[in-house]
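Participant: Predicted structure and sequence below. I'll ask about it afterward.
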Amino acid sequence: MTEKVDAIVLGMGVGGEEVAECLATNGLNVIGIEHHLLGGECPYYGCVPTKMMIRADDMLAEGRRIPGFAGASTVGPDWSPVARRIREVATDNWDDRVAVERFEKKGGRFVRGTGRLAGPGKVTVNGRTFEAGRAVVIGTGTSPAIPPISGLADVPYWTNREAVKVERLPESLLILGGGAIGLELSQVFARFGVKVSIVEGMDHVLAMEEPEAGAVLGEVLRRDGIDLYLGVHAKSVESSGGVRVNLDNGQQVRAEQLLVATGRRTNIKDIGLETIGLDPAARFLEPDPYMRVAEQTWAIGDVTAHGGFTHMAIYHADIVVNDVLGRRGPAADYRAKPRVTFTDPEVGAAGLTEAQARKQGIKVRTGIQKASVTSRGWIHGPGNDGLIKVVEDADRGVLVGATAMGPRGGDILGIFELAIRNQIPTDDLRHLIYAYPTFYRGVGEAVRNLGEDIHQPLR
Ligand SMILES: Cc1cc2nc3c(=O)[nH]c(=O)nc-3n(C[C@H](O)[C@H](O)[C@H](O)COP(=O)(O)OP(=O)(O)OC[C@H]3O[C@@H](n4cnc5c(N)ncnc54)[C@H](O)[C@@H]3O)c2cc1C
C-alpha cells in the first residue's frame, strides 16, 4: 500500500534535517527517513566533535607558548575530558533522541530505516511505500572513501567515525591522506602526545588549496612533531604488532594505529536513482541552480558536486525550501564558496585558487602578505604563521579568490566572501579603513601587494 504525503526527505543529515524541518513548519506533511542518526555526519562524527578536539589542542598549544611571553607553564595533556565532552555534551553518546523529538515537535514524521527511490515521487522504507505529491529531496551524504590498497581490508583501521570515539590514545598514528580531515586530526593527536605520520600522494599538504598555504602548514605540522611523507603513495599495508605501510618509494612506516582519511564517496549507488532516470554510477548528483535533479526531485549537500561542507548543505536546503514552497528565491551561486580547515593556523579560502582561475583563462594578478609581518601578527608572536593571498581578475578589477591563513583565518574569510560574491572593486578594498592592529588588516596589505612577484620565498 502506498501512503500519500507532501514531501519525503531521504537522508536526514544536516541538509535533510533543515529541509524537512522547514517544510514541516510551513505546514507540509513531511516524512524524514534516516537509517543512522538524525543530524548526520556533522554533529556526530564530523564538524562538532572534531572542533571540540581542536579547541582542546589549541588550549594545549597556547599553554606551551607561554614561556618567554607570559611566565612559565607546564602542560599535561589528558584526553579523558575531551572524550567525555564529545560523548556527553556533543553527541549524547551517539543518541539522536533529542533531534528526533525536535523534528516531530515541528510537525515532521520520522522513519528510521534505509530508504530507496521507487520511481518518480516514490520512496520505500521498511517495506512501506510513500508517495510525495510535491517533493522528494535526496540528502544521503557521503561515507569515507577507502582506497584499494593491498592488505588494507585485512588490518583494523579508523576512519573519522572511530577517531571521534577514541577513549584511549595510541602511542603512534599513521594517517593516510593530507587533506582537511587528516590534517586537523593529525594536529589534535600530535599535540596530545601521539607520534603522528602522514602519507600524502601530492607534494604538499592541503593540495586543494593554495600551495603557499600548504607549504606553511607543512612546516607548522613538522614543528608539531608530525612526520610528513609527501609525493608518495601507500602500496600495501600489513599488520605487525600495529600496522606497517609500505610506500611506493620503498620506505616503510609503522604505527600502532592507522587512520584512513583519503576523501569521501557519495552515498548514491544503492538508493534507486535508476528508477527516476539518473545514473547510480555517477560520482555526484548534478542539480540545476535550484537544486532540482529530476521532476519534483531535489538534491542537497554532499551528494552534489558543490557540497563537502555543512554550510553548503544548509545553503542548498534553503534554496530547496523556497523552490518547493513556490517562493522564487535566489539560485545557487558558488563564486565565493567558502571553506575552512581548522588547523592552527586556520586556513580559510573563498572562490577560486590561483591555479583554478588561470585554468579558466582569467588574466590573474595575485597579492600576498605573510601574517607574521602584519602589525597584529608581529605583536601576536608565537602562533602567528600564515598568510593572506588574493587572486584578482585583472581585467575586471575584482577578486575571484582569496585565502586567509592565520589565527582566526576562518573568520577573516567573511570579507573575502562578500567581496568575491558582490564583485566589490579591488580598489574599494584597497581604500577601506582596516582597524589597527587587527589580523584582517592584512587583507588591505595583500590587496596593495597585488601584482608583486608571489613566487618569492615566504620566509
Ligand atoms: C571529520 C569531518 C569533519 C568535518 N568538519 C567540517 C567542518 O568543520 N565544517 C563543515 O562545514 N563541514 C565539515 N564536515 C563536512 C560535513 O560534515 C558535511 O558536509 C555535512 O555533514 C553534509 O551534510 P549532508 O546533509 O549532505 O550529509 P550527511 O551529514 O552525511 O547526512 C546524510 C545522512 O543520510 C543518511 N543516509 C544515507 N543513505 C541513506 C538511506 N538510503 N536511507 C536513509 N538514510 C540514509 C546517513 O545516515 C546520514 O545521516 C566534516 C566532515 C567530516 C567527516
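Facilitator: Structure's in. What do you need? The structure presented is a predicted model; accordingly, all values stated were derived computationally and were not measured.

Participant: quick one: low-confidence parts of this structure?
Facilitator: Applying pLDDT under 70 to the chain flags residues 452-459.

Participant: Distance of the spatially closest residue to Val75 that is not a sequence neighbour relative to Thr74?
Facilitator: Using CB to CB, 6 or more residues apart in numbering and skipping the chain neighbours, the partner closest in space to Val75 is Gly63 (4.2 Å). Quick note: C-beta positions are derived from backbone N, CA and C, even for glycine. As judged by CB to CB, to the nearest Å, Gly63 and Thr74 stand 8 Å apart.

Participant: Compare the two (neighbour count), which wins?
Facilitator: Gly63 (14 against 8; other CB atoms under 10 Å).

Participant: Gly444 sits in which helix or strand?
Facilitator: Remark: Gly444 resides in helix 441-448, with elements defined by DSSP states H and E.

Participant: Also Gly32?
Facilitator: strand 30-34.

Participant: which residues are contacting that strand?
Facilitator: 5-13, 16-17, 20, 23-24, 38, 40, 103, 107-113, 115, 123, 125, 130 (CB atoms under 8 Å, 6 or more residues apart in numbering).

Participant: In PyMOL, how would I select just the buried ones from those?
Facilitator: The PyMOL selection below is limited to those of the contacts of strand 30-34 classed as buried (16 or more other CB atoms under 10 Å):
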select buried, resi 5+6+7+8+9+10+11+12+13+16+17+20+23+24+38+40+103+107+108+109+110+111+112+115+123+125+130
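
Participant: In strands, which of the contacts of strand 30-34 fall?
Facilitator: Within these, residues falling in strands by DSSP state E are 5-10, 109-112, 123, 125, 130.

Participant: and Val48, how many neighbours?
Facilitator: 19.

Participant: and the closest residue to it other than its chain neighbours, how many neighbours does it have?
Facilitator: Spatial nearest neighbour of Val48, excluding adjacent residues (CB to CB, 6+ apart): Ala90 at 5.0 Å. Counted with other CB under 10 Å, residues neighbouring Ala90 total 18.

Participant: picking that back up, what's the helix holding Gly444 in contact with?
Facilitator: With CB under 8 Å, 6+ apart as the test, helix 441-448 has contacts from 367-369, 371, 374-377, 388-390, 402, 404, 406, 412, 415-416, 426, 429-430, 432, 434-435.

Participant: now stretch 259-273
Facilitator: Under CB under 8 Å, 6+ apart, the answer for stretch 259-273 is 10-11, 115-118, 138, 140-147, 152, 157-160, 163, 173-177, 179, 181-182, 185, 279-285, 302-303, 308.

Participant: residues in contact with the residue of the stretch 251-400 of the chain found nearest the ligand?
Facilitator: Nearest residue of the stretch 251-400 of the chain to the ligand (CB to the nearest ligand atom) works out as Gly301 at 2.1 Å. Applying CB under 8 Å, 6+ apart, one finds that Gly301 lies in contact with Gly13, Val14, Gly15, Gly16, Gly139, Gly141, Gly307, Met312, Ala313, His316, Ala317.

Participant: ok, back up a step: just the ones in strands among the contacts of strand 30-34 now: which is nearest Asn449?
Facilitator: Nearest to Asn449 out of those is Val9 (CB to CB; 47.2 Å).
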